[in-house]
Each structure stands twice: as C-alpha cells, then as structure tokens.
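**Q** Below is the sequence, then the predicted model.
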Amino acid sequence: MTDLDSFRCEARDWLSANVPIVKPPHDRAGARAFALDWQRVQYEGGWAGLSWPREAGGRGLSVTEQIIWCEEYARAGAPNPLNPLFVALNHAGPTLITCGTDEQRADHLPPILRGEVIWCQGFSEPNAGSDLASLRMRGRVEGDELIVDGQKIWSSYADIADVQELLIRTDPLARTGAALSWVICPMDAAGITVRPIKTMAGAYKYCEVFYDAVRIPLGNVVGGLNNGWATAMSTLAFERGTASLGLLIALTMRIDAMLLDCPADRAGLRNGLARLRAEAAAVRATAYRVALDSEEGVPDASGSIVRLSFAELSQRATAAAIDLYGIDAPEVIGEHGLGHDYLDAFSETIAGGTSEIQRSIIGERLLDLPKGPR
C-alpha cells in the first residue's frame, strides 16, 4: 500500500466515524452553529487547513492529497462545503496567507481553522458586480483609520458573519483598479447595517450591507493601500480555481447516481444523462489539472475554465434531476431537496464573475485574443 493509499484509508475511516448524521439547519443561527461545530470537529481531528502551509497552521499537504480528501469527503456525504465558512477557508484565509502581514495572519488564521469565526465577502455593489474596477464605495484616510461609506450587495452570510473581506475605493482620483484597497472589516463595527435578501430558492443566504462612517484601522488593509486590485485578483483566483473542487466532485457523483436511477425505458433522458456524465468527467479532469498546476502558488486564469464549466454543468444537472424524479418526488421537495438545488443553481453563472466575464478572461488571458471594449 502506497502512502497515498494509506492517506485515503485514513481519511475514509475518519469521515465514516465523524460525518454528522443530521442535515445542517436552514435558519441563520442554526446554520452558523452547525458550520462552526463541524469545522471544530475537523480541526480537533487534524483535518482542517489541509492545503494551508504548516507555518499558517495547516498541514501543508500536496494537491494530490487534497484531491483525495475531497473525493472521500464527497463519497461520505459530508456537509456541503459551500457553507458559511466557505469565504473564510477559500477566500480570506488563502488571501491572508499570500498577501497579509505576519500580524494579520497571526490574528485571523487560527480562529478560522478552529471554527470560531465566520467571514463574508464585500465585493459586489448595486452597479458594480463582475466589473469590480467600477465599484464606487469609498474609504477616506483619516489619521490611522479608514472612514468607510457606501453599500455592498450579494454578501453571502453577512448577517451571521464576524468579519468581512471588503473591497473599497481609497483613491477618488484614480479611474482604474489601482485605486482600490482590500480591507478586513469587523462586522460588529458601529455604522454597519445588514439586510438579508430572500432568493427564489427560499433561502436568505445573500445580504446587502450598508456602511455609515464605519471606522476601520489602517492596519486592516491587506496587500497595501491602493493595491487592492492585485489582492482581490488573488482572492478570485482561489475562488475560481481550487475552491469549488469538492462541490464539483460531489456533483459528478450525483450525476452517476442519477444515471443508475434512470429507467431503461427513458432512452432520451438516459442519453442526456450519459452526456452529462461525460461532460462532468471532462470538467473534473480539467479541475484536477488546474489544481496540480497551481500547487506552487496562486492559481492562474485557467481557473475560469473550471468555474465556467462547473457553473453551467450544475445548472444542466439539476434540471435533469427534476426531469428524472418529478417535481413532487421526495428527492426534490423540501429544504434539502433537489428542487432547492435547481433554483439555487441559477446563481452559479452570476456569482464569482458571470459566464460572460469568465469567457472574456479565458479569451484574453489564456487564448491571447484581442481585448473587448471597456
């Protein structure tokens, strides 16, 4: 048995003994408590921060070992990795490791791994979503503080978060992304108001956040004042690259199960599911390649291929599930049913950069095509 085989067996045995039997609750306080408890269990078991370097409190494992963990995690039916801790573990943590100061890493990384804090993202605005360079929310320097005013929207779990990764405009004269700053914003700061947004899936996962003269220490700027564009690109590279690997593996396994459940007399649907299975295998292989290629640093623009392919695949797969089981089937109805996943999947081609943005990134940065109009 190789070391990787032993690692797989160790992961499988631990997950088998520790994966929660109950489903995560949908109420906000319950969702927060469940996510933090599950993270704490993983931390105490030695399974938190697998990809983080040892000096940051992680295990410093190889990408291959991370892939094995994701495979076993999905096979065990463990809690959806797209939970309230997603931003902390896949955005903020890796960004602080790459761009943060020693003090910032010491202050914020251990609580993330121990399951003590929830992070949310404050990037999108009502008139600046995928085009982050056009965001208008401003922060002015006053002594050793930033005074922040404005609004953010589509901030996942902001109503139950402790900290926010906040992108603001700190140079009012500059017209490019170089005028931005990436800031650690405490969500209990005076002047912050959070308003949850109900989606068509019935969930209140997203929020809009309002800032009225919010004071943030300059020491909370990550990557340097007016250098937030470069810092944000690191954040989005992690999101579009390796962060969704566990979700993708779980989706491919779901498609396999759907094909097995499909009756032999539904030939058209079986053919469609077989095509989805082939597509899922191709996307999964691409995701593995991108993950392995990025082992030495920040993922490159290839992550947009994975992000785009996964987003569109998830929409087609959940639609096929409704077709297979029927709208009133036990597998479809309810808070944890496929009906919720179908409605929620419509956001996949918007969140993290729309499909159009991802295609532009692929064309310009990977295929070296002429840039489109700005």
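**A** In hand now; what should we look at? Keep in mind it's a predicted model, so treat the numbers as computed, not measured. Residues are numbered from 1 along each chain as shown.

**Q** Lowest mean pLDDT among the helices and strands, pick that one out for this structure.
**A** helix 228-240 (a mean of 72; mean pLDDT, DSSP states H and E).

**Q** from the chain's centre, how far out does the helix or strand following that helix sit?
**A** Later in the chain than helix 228-240, the nearest helix or strand by DSSP states H and E is helix 245-261. In terms of Cα atoms, centre = their mean, to the nearest Å, the centre of helix 245-261 is set 19 Å apart from its chain centre.

**Q** Can you give me the buried ones in the next helix or strand after helix 245-261?
**A** Later in the chain than helix 245-261, the nearest helix or strand by DSSP H and E is helix 267-293. By 16 or more other Cβ atoms under 10 Å, the buried positions in helix 267-293 come out as 269-270, 272-273, 276-277, 279-280, 283-284, 286-288, 290-291. Glycine gets a C-beta too; all of them are placed from N, C-alpha and C.

**Q** Can I get the helix or strand following helix 267-293 as CSV, trimmed to CA atoms?
**A** Where DSSP H and E defines the elements, the next helix or strand beyond helix 267-293 is helix 303-325. The C-alpha trace of helix 303-325 is given here as CSV (Å, rounded to 0.1, in the frame of the first residue of the first chain):
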residue,chain,number,x,y,z
GLY,A,303,-9.4,28.6,-13.0
SER,A,304,-12.0,30.5,-15.1
ILE,A,305,-12.3,27.4,-17.3
VAL,A,306,-13.2,25.3,-14.2
ARG,A,307,-15.5,28.0,-12.8
LEU,A,308,-17.4,28.4,-16.1
SER,A,309,-17.7,24.7,-16.8
PHE,A,310,-18.8,23.8,-13.3
ALA,A,311,-21.4,26.6,-13.2
GLU,A,312,-23.1,25.6,-16.4
LEU,A,313,-22.8,21.9,-15.7
SER,A,314,-24.5,22.3,-12.3
GLN,A,315,-27.5,24.1,-13.9
ARG,A,316,-28.0,21.3,-16.5
ALA,A,317,-27.5,18.6,-14.0
THR,A,318,-30.1,19.9,-11.5
ALA,A,319,-32.6,20.5,-14.4
ALA,A,320,-32.1,16.9,-15.4
ALA,A,321,-32.7,15.7,-11.8
ILE,A,322,-36.1,17.4,-11.8
ASP,A,323,-36.9,15.7,-15.1
LEU,A,324,-35.8,12.4,-13.8
TYR,A,325,-37.5,12.3,-10.4
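
**Q** So for helix 303-325, what gets flagged as buried?
**A** For helix 303-325, by 16+ other Cβ under 10 Å, it's 303-318, 320-325.

**Q** nearest to residue 217, of the buried residues of helix 267-293?
**A** residue 291 (35.3 Å; Cβ to Cβ).

**Q** out of the buried residues of helix 267-293, who's nearest residue 62?
**A** Of the buried residues of helix 267-293, the one sitting nearest to residue 62 (Cβ to Cβ) turns out to be residue 291, at 10.3 Å.

**Q** thinking that closest one is in contact with residue 63, fair?
**A** Yes. The pair residue 291 / residue 63 is scored as a contact, 5.0 Å apart, by Cβ atoms under 8 Å.

**Q** Report the secondary structure state of residue 184.
**A** strand (DSSP: H, G, I helix; E, B strand; the rest coil).

**Q** Neighbours of it, how many?
**A** 21 (other Cβ atoms under 10 Å).

**Q** now residue 73
**A** Going by other Cβ under 10 Å, the residues that sit close to residue 73 add up to 22.

**Q** Next, the contact list for it, please.
**A** 11, 15, 81, 246, 249 (Cβ atoms under 8 Å, 6 or more residues apart in numbering).

**Q** tell me the SS of it?
**A** helix.

**Q** from the chain's centre, how far out does the longest strand seen in the chain sit?
**A** Longest strand in the chain, counting residues (DSSP state E): strand 206-217. Offset of strand 206-217 from its chain centre (Cα atoms, centre = their mean): 21 Å.
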